[in-house]
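Q: Below is the structure, and that's it, no one-letter string:
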Ligand SMILES: Nc1ncnc2c1ncn2[C@@H]1O[C@H](COP(=O)(O)OP(=O)(O)OP(=O)(O)O)[C@@H](O)[C@H]1O
Ligand SMILES: O=P(O)(O)O[C@H]1[C@H](O)[C@H](O)[C@H](OP(=O)(O)O)[C@@H](OP(=O)(O)O)[C@@H]1O
Ligand SMILES: [Mg+2]
Ligand SMILES: [Mg+2]
């Protein structure tokens, strides 16, 4: 598939400087232009309707001015695919509504860890809590603080935390996490280093809480004989059911979700979803992996955009390219 029209296909992108640096890489721009695709930087401080013209909008900004700007543009350009809809993205910005999407799926052998929302630290005494647990900021809006987490070993560990947060059961899972990247109709599951297990016998000596942030971004522990190498991938069918179910539920083209094996279960094929992210770091895919994103007609089928003609190909060495369907 390639751009059959003589006019270049214009993708307008609105990203933070950090995201632009990791995603709009020189190899992407040159590869895109070979396909008749131009990636044009949007100035989010100016009206979108005065920029362009655009055949597709790709964005990962969340402030209210940008949302209004995008809405004004969409109302005048109903046929331009927006990847992805702010309303759909919003569901992932609360760690409660995020995981509720998984609970709605009717898929056996999967689920989410138990979690409670803590809005204030009073009245914790009579709460039945499991330890160890993980305290995660309630908001998962991409801010620095949204990744600041704590392992909590006993009730005393709660006093240092700042509500609102979710207190999620810590589930031993063998120190390896599975990150499933979804881009339109394509998906890839990859292994990444995770928090190590906390054996019962160690727990008795652990008190209070321990801060950490974004362990899954640690360089893959790879190497011969490492935990990661030895760890089996989840059943393909289960991953596929989760991909299709979450695509339907979330109505998103670009996302990934974190899955861990449930070490509490006697069934070694029980896996739980612990996190879902909009427009993650596709460049983190193992080099040479190539996935393609179908928005436009694919997305239109799910009613997230109204048509449009974008199939984009992500190659972590090259980045994101758009082939017109
Ligand atoms: N319920 C859990 N049980 C065991 N380990 C967990 C659990 N939840 C999270 N973790 C560990 O903590 C890490 C960070 O958790 P999570 O992915 O929810 O945070 P995040 O800041 O949203 O990360 P990301 O960078 O993937 O967006 C996970 O990669 C995993 O190693
Ligand atoms: O290893 P991955 O690709 O999962 O790392 C992602 C991470 O999961 C989140 O999606 C980050 O986005 P925010 O949650 O908005 O912080 C991504 O950061 P970004 O700067 O690439 O958007 C990480 O790459
Ligand atoms: Mg995660
Ligand atoms: Mg996350």
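A: Good, I have the coordinates. Quantities reported herein were computed from a predicted structural model and do not represent experimental measurements. Ligands and ions are numbered 1, 2, ... in the order given.
Q: Any idea how far stretch 113-121 is from the middle of the chain?
A: For stretch 113-121, the separation from the chain centroid amounts to 22 Å (computed by Cα atoms, centre = their mean, to the nearest Å).
Q: same check, this time on stretch 71-86
A: Counting by Cα atoms, centre = their mean, stretch 71-86 comes out at 21 Å from the chain centroid.
Q: Now do the end-to-end distance for it.
A: Stretch 71-86 has an end-to-end distance of 9 Å (Cα to Cα, to the nearest Å).
Q: cool, and stretch 252-266?
A: 33 Å.
Q: who does the helix ranked longest in the chain touch, helix- and strand-wise?
A: Ranked by number of residues, the top helix in the chain under DSSP state H is helix 236-250. Here helix 236-250 touches helix 95-103, strand 110-111, strand 176-183, strand 186-193, strand 254-261, strand 271-278, going by 3 or more Cβ pairs under 8 Å, 6 or more residues apart in numbering; DSSP states H and E. In short, each C-beta sits where N, CA and C put it, glycine included.
Q: between the ones you listed, which one is nearest to residue 127?
A: helix 95-103 (16.7 Å; Cβ to Cβ).
Q: Whether that closest one contacts ligand 4 - can you check?
A: No. Helix 95-103 does not reach ligand 4 (Cβ under 5 Å from the ion); its nearest approach is 8.4 Å.
Q: Show the average pLDDT along the longest helix of the chain.
A: Averaged over helix 236-250, pLDDT sits at 97.
Q: Just the residues contacting stretch 113-123, thanks.
A: Applying Cβ atoms under 8 Å, 6 or more residues apart in numbering, the external contacts of stretch 113-123 come out as 95-96, 99, 124, 127, 129-130, 135, 138, 158-159, 161, 163-171, 272, 274.
Q: close to ligand 1, is it?
A: Yes. With Cβ under 6 Å from any ligand atom as the criterion, ligand 1 is reached by stretch 113-123 at residue 113.
Q: re the thing from before, possible to save the helices and strands packed on helix 236-250 as TSV with mean neighbour count?
A: Formatted as TSV, those follow (neighbours: other Cβ atoms under 10 Å):
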stretch	mean neighbour count
helix 95-103	18
strand 110-111	18
strand 176-183	22
strand 186-193	19
strand 254-261	23
strand 271-278	23
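Q: ok, of these, where does mean pLDDT dip lowest?
A: Among those, strand 186-193 scores lowest, at a mean of 90.
Q: can you give me the angle it makes with strand 176-183?
A: Angle between the axes of strand 186-193 and strand 176-183 is 160 degrees (criterion: axes from the mean of the first three to the mean of the last three Cα atoms, to 10 degrees).
Q: quick one: which helix or strand includes residue 11?
A: Here residue 11, judged by DSSP states H and E, is contained in strand 9-14.
Q: packing partners for that strand?
A: Counting contacts by 3+ Cβ pairs under 8 Å, 6+ apart, strand 9-14 packs against strand 37-41, strand 56-59.
Q: Could you look over these and pick the most buried one?
A: Ranked by mean neighbour count under mean count of other Cβ atoms under 10 Å, the helices and strands packed on strand 9-14 are led by strand 56-59, which reaches a mean of 24.
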